[in-house]
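Colleague: Fold the following and give me the result.
(chains A and B)
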2 protein chains.
Amino acid sequence: MTGAHAPSDLLAAAREGDRVALARLLTAIENDPAAARAIAPATWTARRGYAVGVTGAPGAGKSTLTDRLIAGALARADADREPAAVGVLCVDPSSPLSGGAILGDRVRMQGHATDARVFIRSLASRGHLGGLSVAVPDALAALAAAGFDRVYVETVGVGQVELEVAATADVTCVVVPAGWGDAMQAAKAGLLEVADLFVVNKADRPGATEARRDLEQMLDLGTSRDDGWRPPVLETVATEGTGVDAVLDALEAFRAAQAGAVADRRRRDRARRLLARLVADRAARSVEELVGSGRFDAAVRRVGSGELDPYTAVDGLVE
Amino acid sequence: MTGAHAPSDLLAAAREGDRVALARLLTAIENDPAAARAIAPATWTARRGYAVGVTGAPGAGKSTLTDRLIAGALARADADREPAAVGVLCVDPSSPLSGGAILGDRVRMQGHATDARVFIRSLASRGHLGGLSVAVPDALAALAAAGFDRVYVETVGVGQVELEVAATADVTCVVVPAGWGDAMQAAKAGLLEVADLFVVNKADRPGATEARRDLEQMLDLGTSRDDGWRPPVLETVATEGTGVDAVLDALEAFRAAQAGAVADRRRRDRARRLLARLVADRAARSVEELVGSGRFDAAVRRVGSGELDPYTAVDGLVE
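Modeller: Residues are numbered from 1 along each chain as shown, chains lettered A, B, ... in the order given. Model prediction:
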């Protein structure tokens, strides 16, 4: 890459395969809303990638499973003699780390770090309005523009931010450990709504059958999806690679089933959520600016002294 | 009153002493933001009243105490041969009742209902954006404009809405029952911040001294107020009228201590909170309208199809 660090230069270099430029571009997207905006017209309208969300409770083995899914995807591309470019976004809203740090147990993914076909990046910023739920879609658009057909988005935990991030993926795989027991937890945590695929990992341990049965029962009791898809419940032992091929098959089956109108609608729903959030963020910023302004202080004084009523004051402020 | 129900006509009639018109005006303020707006230029810039907030945990005896404070205020006016006009706003955000209904144990206040110098009204609406925290200041302005020099604002419970409402009063009296025990509850509930005066009611029961001591200790440990006032902690037996005169004296002492610059700053702080809320409400309404519009749907389709990036779409929507 050149010495220039303008986002558009970084994007151009990333498109030529410059991974350092790509890493810097993602840092800019994560930390600087202005940089994210600057390249959005180019990235969002470029070729479209496919994002696989991997989420679930801590300790379920998400990182190991993601690691195996990457290896499997690369092996399939090799068998088909096709080129592959797999991205991984590790999203950890609870971590203060950022700037490309690889977090905790994710280090094991570094087995792929020397593979030129794999690009791994962590996002942990809460730095600006909208935070991760805005940064992740932008990062996905940038990765797609840089040629990554498939990106795994792995999130930590099952909080609100994780669910929002999961909702930005094209398919969401929810991972639970064997022995997880109470499937009602999944419903409570909102997992049922976002799961396109359940994986019971560590299936060589006690409780795998029970966890699977609980999830199936929960799906039986729930209302059927309007896209007609019933999330399969698969068992894996990610540490040994057992069951991973079936997960890859299920992901492909889902993608095929969703092609056309269903996928379009899903993309539109996603765009709607993102636009609504951006509009709300912008309104919140305008309010913040106004309330911090001298004009606002002047209006406060006039209302406080009984010279002006609050409605007329607000009319004057927001006109 | 005349047959006309325009808010301005109701206000004019209320100023002439028409209590039915005043009740209708408060109903309009509570339920119809447009009516509240329409009369605000006249009420907010009219003569200023003095609002005494009475808040605290359920069962503390707030209604009985308020009842006694009204009686005491009227007796003092009689002794001074001065005219009196005392308003009471009973604020119950948890109640679905509205439209002037007198709630539960407040019926006992009806002892004053036949006294032409007392006007009692309940507010319970959650009907519009901002809800009670906007309706109460408007109602206070209307009561002041109609000649009520003093209005008691009694709230139920110690939730967020109650604290907001308490913050609209000129002085806030926090009532706790004897035996209330853990003063830390007051700090946790945010009472310490809003209390200008603590009343330990039911002081003939066990635990009065302990409750008082706990509150004093809490005040000792807290940072001193920047207006230099230390909230007194008084004991009452409201059912028998014991200690009520001392509360009235403390309210007068606070008012005298706050006269001038301190009271001005308090009014400005109140105006600031109200304006910030009105600005935020208006922004929220704009966002809601925009997100429900056909223009928004069109932008969603263009972003969903990859024709347009979300930032450019939002620029177009909010310009």
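
Colleague: which stretches of chain A form strands?
Modeller: A:50-56, A:86-91, A:118-123, A:150-155, A:171-177, A:197-201, A:233-235 (DSSP state E).

Colleague: which outside residues touch stretch A:251-264?
Modeller: Stretch A:251-264 is contacted by residues A:50, A:52, A:69, A:170-171, A:173, A:196-197, A:227-229, A:266, B:304-305 when judged by C-beta atoms under 8 Å, 6 or more residues apart in numbering or on different chains. All C-beta atoms are positioned from the backbone trio N, CA, C, and that covers glycine.

Colleague: I'd like these written out as JSON lines, with neighbour count and pLDDT added.
Modeller: What follows is the contacts of stretch A:251-264, written out as JSON lines (neighbours: other C-beta atoms under 10 Å in any protein chain shown; pLDDT from 0 to 100):
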{"residue": "A:Tyr50", "neighbour count": "16", "pLDDT": "92"}
{"residue": "A:Val52", "neighbour count": "26", "pLDDT": "95"}
{"residue": "A:Leu69", "neighbour count": "26", "pLDDT": "93"}
{"residue": "A:Asp170", "neighbour count": "23", "pLDDT": "92"}
{"residue": "A:Val171", "neighbour count": "22", "pLDDT": "94"}
{"residue": "A:Cys173", "neighbour count": "29", "pLDDT": "93"}
{"residue": "A:Asp196", "neighbour count": "26", "pLDDT": "94"}
{"residue": "A:Leu197", "neighbour count": "22", "pLDDT": "95"}
{"residue": "A:Asp227", "neighbour count": "14", "pLDDT": "86"}
{"residue": "A:Gly228", "neighbour count": "9", "pLDDT": "87"}
{"residue": "A:Trp229", "neighbour count": "16", "pLDDT": "92"}
{"residue": "A:Arg266", "neighbour count": "18", "pLDDT": "88"}
{"residue": "B:Gly304", "neighbour count": "20", "pLDDT": "92"}
{"residue": "B:Ser305", "neighbour count": "14", "pLDDT": "92"}
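
Colleague: Now the two most distant members of those.
Modeller: Farthest apart among these by C-beta to C-beta are A:Leu69 and B:Ser305. That separation is 28.4 Å.

Colleague: Quickly list the domain ranges of chain A.
Modeller: Per automatic domain parsing, the structural domains of chain A span A:43-259, A:277-318.

Colleague: Would you single out the least confident of the ones you listed?
Modeller: Averaging pLDDT over each of those singles out domain A:43-259 as the lowest, with a mean of 82.

Colleague: May I see the strands of chain A arranged in TSV, with distance to chain B as well?
Modeller: Supplementary listing: the strands of chain A in TSV, determined by distance: least, C-beta to the nearest C-beta, whole Å:
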stretch	distance to chain B
strand A:50-56	13
strand A:86-91	18
strand A:118-123	18
strand A:150-155	16
strand A:171-177	17
strand A:197-201	23
strand A:233-235	30
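
Colleague: can I get the ones you listed in CSV with distance to B:Ala238?
Modeller: Converted to CSV, the strands of chain A look like this (distance: least, C-beta to C-beta, whole Å):
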stretch, distance to B:Ala238
strand A:50-56, 56
strand A:86-91, 57
strand A:118-123, 59
strand A:150-155, 56
strand A:171-177, 57
strand A:197-201, 60
strand A:233-235, 63
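
Colleague: Point out the most buried one among the domains of chain A.
Modeller: Relative to the other members of those, domain A:43-259 carries the highest mean neighbour count by mean count of other C-beta atoms under 10 Å in any protein chain shown, namely a mean of 19.

Colleague: got the end-to-end distance for it?
Modeller: According to C-alpha to C-alpha, to the nearest Å, domain A:43-259 extends 22 Å from its N-terminal end residue to its C-terminal end residue.

Colleague: what does the stretch 51-200 of chain A have sitting close to chain B?
Modeller: Selection of the stretch 51-200 of chain A residues close to chain B by C-beta under 8 Å from any C-beta of the partner chain yields A:137, A:141.

Colleague: go again using 10 Å as the cut-off
Modeller: With C-beta under 10 Å from any C-beta of the partner chain as the criterion, the stretch 51-200 of chain A comes near chain B at residues A:134, A:137-138, A:141, A:144.

Colleague: In CSV: those, plus distance to B:Leu123.
Modeller: Supplementary listing: those in CSV, determined by distance: C-beta to C-beta, whole Å:
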residue, distance to B:Leu123
A:Val134, 40
A:Pro137, 44
A:Asp138, 46
A:Ala141, 50
A:Ala144, 54
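
Colleague: Which two of the residues you listed have the greatest separation?
Modeller: The largest separation in those, counting by C-beta to C-beta, is between A:Val134 and A:Ala144 at 16.4 Å.

Colleague: picking that back up, rebuild the domains of chain A as a markdown table, extending it with distance to B:Ser286.
Modeller: Putting the domains of chain A into a markdown table (distance: least, C-beta to C-beta, whole Å) gives the following:
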| stretch | distance to B:Ser286 |
| --- | --- |
| domain A:43-259 | 17 |
| domain A:277-318 | 7 |
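
Colleague: B:Tyr152 is nearest to which of these?
Modeller: Counting by C-beta to C-beta, B:Tyr152 lies closest to domain A:277-318 out of the domains of chain A; the figure is 21.1 Å.

Colleague: do that closest one and chain B meet?
Modeller: Yes: under the criterion of C-beta under 10 Å from any C-beta, domain A:277-318 makes contact with chain B via A:277-288, A:290-291, A:296-297, A:299-315, A:317-318.

Colleague: Quick check: phi and psi on A:Asp18?
Modeller: Main-chain dihedrals, A:Asp18, degrees, to the nearest 10: phi -80, psi 110.

Colleague: Could I get the pLDDT score of it?
Modeller: pLDDT at A:Asp18 comes out at 92.

Colleague: That one touches A:Arg24, doesn't it?
Modeller: Yes: with contact taken as C-beta atoms under 10 Å, A:Asp18 and A:Arg24 are classed as touching, separated by 9.2 Å.

Colleague: Pick out whichever of the two has more residues nearby.
Modeller: Taking A:Asp18 and A:Arg24 together and counting by other C-beta atoms under 10 Å in any protein chain shown, A:Arg24 has the greater number of neighbours (21 against 17).

Colleague: surely the more buried one meets A:Ala14?
Modeller: Yes: counting by C-beta under 10 Å, A:Ala14 is a contact partner of A:Arg24 at 8.6 Å.

Colleague: Chain neighbours aside, what residue packs nearest to A:Asp78?
Modeller: If the residues on either side of it in the chain are set aside, A:Asp78 comes closest to A:Ala84, at 7.8 Å by C-beta to C-beta, 6 or more residues apart in numbering or on different chains.

Colleague: Distance check, the one you found against A:Ala71.
Modeller: In this structure, A:Ala84 and A:Ala71 are separated by 11 Å, where distance is defined by C-beta to C-beta, to the nearest Å.

Colleague: intersection of neighbour lists for those two?
Modeller: Residues touching both A:Ala84 and A:Ala71 (C-beta atoms under 10 Å, 6 or more residues apart in numbering or on different chains) are A:115, A:118.

Colleague: how about A:Val88, what does it touch?
Modeller: A:Val88 makes contact with A:52, A:54, A:63, A:66-67, A:69-70, A:106, A:109, A:112-113, A:118-122, A:143, A:148, A:150-154, according to C-beta under 10 Å, 6+ apart.

Colleague: same thing but 7 Å
Modeller: For A:Val88, the set of contacting residues under the criterion of C-beta atoms under 7 Å, 6 or more residues apart in numbering or on different chains consists of A:66, A:70, A:109, A:120-121, A:151-152, A:154.

Colleague: quick one: the helices in the stretch 101-250 of chain A?
Modeller: Counting by DSSP state H, counting those that start in this stretch, residue ranges of the helices within the stretch 101-250 of chain A are A:132-145, A:160-166, A:184-188, A:191-194, A:208-221, A:244-258.

Colleague: what pairs with the residue lying closest to A:Gly61 once chain neighbours are set aside across the strands?
Modeller: Nearest non-adjacent residue to A:Gly61, counting by C-beta to C-beta, 6+ apart: A:Asn201, 4.2 Å away. Bridge pairing for A:Asn201 (DSSP bridges) gives the partners A:Pro177.

Colleague: quick one: A:Leu248 and A:Gly72 touch, right?
Modeller: Yes: using C-beta atoms under 7 Å, A:Leu248 is in contact with A:Gly72, at 5.0 Å.
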